[in-house]
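Chemist: sequence first, then the predicted structure, then my questions.
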Amino acid sequence: MLMVQVAKRVLSHRLHQAAAAQLLVALRLPVSREGGRLYEAHHMTEKLFRVLSLDGGGAKGFYTLGVLREIEAMIGCRLHERFNLIFGSSTGSIITAMLALGKSVPEVIALYQDHVPTVMKNNSADGRSEALAELSTTIFGDALFSDVKTSVGIVTTKWVIEKPMIFKTHVGQAHGMKGSFVPGFGVRIGDAVQASCSAYPYFNRKTVVTSSGDNVELIDGGFCANNPTLYAIADATVALGVAPENIRVVSLGCGSYPPPPVNWWKVDYWKHKTPGVQLLQKTLEINTQSMEQLRVILYKHIPTVRISQSFSEPAMATDLFEHDLKKLNILTQRGVQSFAQHEETLRGFLV
């Protein structure tokens, strides 16, 4: 705490700016703007700023966890210790929040195994939303965004205003209205995550109450950015002012799979009564690919590894509502294999 106060005092008097910025970086705090100029601490210290971005995809997040498990094993520490910024949409938001609160990837996988099938096997929006709320309460309790160990972005979509609402950790991530910034808008992490996962109409919309007393109705973050990598890079480059050459981005999808065959005798036949589920998945996948295409065009100069493999084998048929643990474990194994294909690049980024 004393070091933080010292650094801020130095900045406020505009003395020894480089030394103060180095202190802020060492303490893993965001740099700030003073008089319109940004103290590019990461540039001055030549320290890499590592970004992790996690797509939405429902139960297919088990694939993401397979990649993350190997990354954590490779670097030999928990992911919040290596990544300066973690962004997530939908299922990616659950993983983001748990990692940022200090959980290991094996712990996250165990919690996914305990809770995700229970959420996804429900046949109604009410049932799925109630199970999601229980997951949120069990895992996150009353945790706030001020409790996380690294900077995060939890992406949601405003239902009425039809714009993104991103729950962030530090005022340094704000692109405006810094004077009224409150970490996560004062909302509990669990409520923000529940909102990010509310894939309407298959989940109910989620209303949160901010610290300013606003009631905001939210739906799944995947409707505005199922792949939140662009948002994460914008925070790093524009809000935090990190030099592009110092940024390394790891962007993880959930994989692409053929749809499961129709089986009218199964309890979950409802998924095939209408084209709704396929339309939802198609919409989210188009969003994912569009965001990735824009990233390549706008930020091709920022070193990025994108991992999200496509599988065409009939045995890999699945969707975001998958609740068969054996199939979900196969997705994790596929994630491990995808990691192996990018291991050397990831090592260069992270080790």
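Modeler: Alright, I've got the coordinates.

Chemist: please list all residues in contact with the residue nearest in space to the middle of the chain.
Modeler: Closest to where the C-alpha atoms of the chain average out (CA atoms, centre = their mean) is residue 88, at 1.2 Å. By CB atoms under 8 Å, 6 or more residues apart in numbering, the contact list for residue 88 reads 53-54, 56, 94-97, 152-155, 196, 221, 228. Just so you know, the C-beta spots here come from the backbone N, C-alpha and C atoms, and that holds for glycine as well.

Chemist: within the sheet, what are the partner strands of the host helix or strand of it, with directions?
Modeler: Assigned by DSSP states H and E, residue 88 belongs to strand 85-89. Here strand 85-89 is paired, per DSSP bridges, with strand 49-54 (parallel), strand 151-158 (parallel).

Chemist: could I get the CA-only coordinates of the longest one as PDB?
Modeler: Looking back up the chat, that one is strand 151-158. Taking C-alpha atoms only, strand 151-158 is exported to PDB below (Å, rounded to 0.1, in the frame of the first residue of the first chain):
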ATOM      1  CA  SER A 151      -7.600  -7.100 -14.700                       C
ATOM      2  CA  VAL A 152     -10.700  -8.600 -16.400                       C
ATOM      3  CA  GLY A 153     -13.500  -7.800 -18.800                       C
ATOM      4  CA  ILE A 154     -16.800  -9.600 -18.600                       C
ATOM      5  CA  VAL A 155     -18.900  -9.000 -21.700                       C
ATOM      6  CA  THR A 156     -22.600  -8.700 -21.600                       C
ATOM      7  CA  THR A 157     -25.300  -7.100 -23.900                       C
ATOM      8  CA  LYS A 158     -27.900  -4.500 -22.900                       C
END
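
Chemist: how far does the helix or strand following that strand sit from the chain's center?
Modeler: Downstream of strand 151-158, the next assigned helix or strand under DSSP H and E is strand 164-168. For strand 164-168, the separation from the chain centroid amounts to 11 Å (computed by CA atoms, centre = their mean, to the nearest Å).

Chemist: put the alpha carbons of the next helix or strand along the chain from strand 164-168 into PDB.
Modeler: Downstream of strand 164-168, the first helix or strand assigned by DSSP H and E is helix 189-196. Coordinates of each C-alpha in helix 189-196 appear next as PDB, following Å, rounded to 0.1, in the frame of the first residue of the first chain:
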ATOM      1  CA  ILE A 189     -19.100 -11.000 -10.100                       C
ATOM      2  CA  GLY A 190     -21.600 -13.900 -10.000                       C
ATOM      3  CA  ASP A 191     -24.400 -11.600 -11.300                       C
ATOM      4  CA  ALA A 192     -22.200 -10.300 -14.100                       C
ATOM      5  CA  VAL A 193     -21.200 -13.800 -15.100                       C
ATOM      6  CA  GLN A 194     -24.800 -15.000 -15.000                       C
ATOM      7  CA  ALA A 195     -25.800 -12.100 -17.300                       C
ATOM      8  CA  SER A 196     -22.900 -12.900 -19.700                       C
END
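
Chemist: how about the strands in the stretch 251-351 of the chain?
Modeler: Taking DSSP state E, counting those that start in this stretch as the test, the strands found in the stretch 251-351 of the chain are 304-307.

Chemist: so where do the helices sit in it?
Modeler: Taking DSSP state H, counting those that start in this stretch, the helices of the stretch 251-351 of the chain run over residues 276-298, 325-341, 343-350.

Chemist: show me the one of those that comes nearest residue 304.
Modeler: With CB to CB as the criterion, residue 304 lies closest to helix 276-298 of the helices of the stretch 251-351 of the chain, at 7.0 Å.

Chemist: how about residues contacting the closest one?
Modeler: Looking at what lies outside helix 276-298 - CB under 8 Å, 6+ apart - the contacts are 55-57, 199, 201-202, 222-230, 233, 251, 253, 256, 259, 271, 304, 306, 308, 319-321.

Chemist: OK, contacts around residue 201?
Modeler: So residue 201 contacts 125, 276 (CB under 8 Å, 6+ apart).

Chemist: tell me, how many residues neighbour the closest residue to residue 60 other than its chain neighbours?
Modeler: The shortest distance from residue 60 to any non-neighbouring residue, by CB to CB, 6 or more residues apart in numbering, is to residue 254 (3.7 Å). Residues within reach of residue 254, counting by other CB atoms under 10 Å, total 31.

Chemist: tell me how far residue 254 lies from residue 146.
Modeler: 29 Å (CB to CB, to the nearest Å).

Chemist: check residue 219 too.
Modeler: 25 Å.

Chemist: these two: who's more crowded?
Modeler: residue 219 (23 against 12).

Chemist: enumerate every residue touching the closest residue to residue 79 other than its chain neighbours.
Modeler: Using CB to CB, 6+ apart and skipping the chain neighbours, the partner closest in space to residue 79 is residue 99 (4.9 Å). By CB under 8 Å, 6+ apart, the residues touching residue 99 are 52, 68, 78, 79, 80, 83, 86, 105, 108.
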